[in-house]
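**Q** just need the structure, nothing else, for what follows:
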Amino acid sequence: MRKIVKSSQPIELINWKRRHPELTRYSDLNNKTYSGVLKAEGELVINAIRGQNVRDQFHLCAYCMCCVENRKDSAMNEHVEARSLNHQRELDFGNIVASCTTKSQCDYSHGSQVLNLHCLMDECEQELEYRLNGKIVGTTARAKEAIKVLNLGDEHVNNRFLINQRKQYIDMYILHQQDIEPDELCLEDDDILELILEELTTINNNRLSAYSPVVVSIIRKLL
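**A** The predicted structure is shown next:
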């Protein structure tokens, strides 16, 4: 994971809270019984939350760090502290991030489970480590639990697809992007690693490359 720094809540959400102080649940934003102006306003707020989160996260999923776009088929509004666990934070923008829509992982896997280590904490970048083979490892009990809750790919049997995706990007950035053959790569060559690190931490058009924090995490442990 990459620590997410939240911006101010979107004006659309501020206006909703001011106009409808009695509607404090996230489900109020997409209540299918509503029609007309209220329904349109709720949809506007949902879209604004998702759009602000995607921008805050530089188009990366909060958990697996694949690329996400500001579309409902690509990203969803995910509550870090599940709605069923704390109704008071359902419309708290500081509790909502953008998750990918991949089945069986991230938001879908999280459900109503407790996350004691998450993307809004500095420690997520220290307690979750990545390997060159694409697997993720938790260095603490809560990190290992977070991996299971979000199904982030500690073993192939749990999430082979995500592990293979990360491995593909690790190989591309560390090997192919620098025109280096696997048998020529020297992981002690700080000059090469620094060049890759600079490229992967550079934000272009408010975007970071997919899975780039994974490779950054690996490189920083090698330097």
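
**Q** and Tyr173, how many residues sit next to it?
**A** Residues lying near Tyr173 (other C-beta atoms under 10 Å) number 22. Any C-beta I mention is one placed from the backbone N, CA and C, and that applies to glycine too.

**Q** didn't it look like it was pressed against Ile196?
**A** Yes - taking C-beta atoms under 8 Å as the definition, Tyr173 is a contact partner of Ile196 at 5.9 Å.

**Q** find the residues that touch each one of these two.
**A** Common neighbours of Tyr173 and Ile196 (criterion: C-beta atoms under 8 Å, 6 or more residues apart in numbering): Val215.

**Q** so how far is stretch 207-217 from its chain's centroid?
**A** Its chain's C-alpha centre and that of stretch 207-217 lie 11 Å apart, by C-alpha atoms, centre = their mean, to the nearest Å.

**Q** quick check: mean pLDDT of that stretch?
**A** For stretch 207-217, mean pLDDT rounds to 95.

**Q** start at 46, not 1
**A** All right, first residue 46 from here; so that's stretch 252-262.

**Q** other residues contacting stretch 114-127?
**A** When contacts are defined by C-beta under 8 Å, 6+ apart, stretch 114-127 is touched by residues 71, 91-92, 94-96, 98-100, 104, 106-107, 113, 134-135, 140-146, 151-152, 155-160, 163-165.

**Q** pLDDT weak spots in this structure?
**A** Segments of the chain classed as low confidence (criterion: pLDDT under 70) are 220-234.

**Q** need the residue closest to the centroid of it.
**A** Centroid-nearest residue in the chain, with C-alpha atoms, centre = their mean: Ala107, separated by 1.1 Å.

**Q** pretty sure that residue belongs to a helix, no?
**A** No - counting by DSSP: H, G, I helix; E, B strand; the rest coil, Ala107 falls outside a helix, being coil.

**Q** is it true that it touches Cys169?
**A** No - the pair Ala107 / Cys169 is not scored as a contact, 9.9 Å apart, by C-beta under 8 Å.

**Q** who touches both of the two?
**A** With C-beta under 8 Å, 6+ apart, Ala107 and Cys169 have common neighbours Met46.

**Q** wait, what's in contact with the nearest residue to Cys112 once chain neighbours are set aside?
**A** Among residues not flanking Cys112 along the chain, Ala255 sits closest, at 4.1 Å (C-beta to C-beta, 6 or more residues apart in numbering). Residues counted as contacts of Ala255 (C-beta under 8 Å, 6+ apart) are 105, 110-112, 214.
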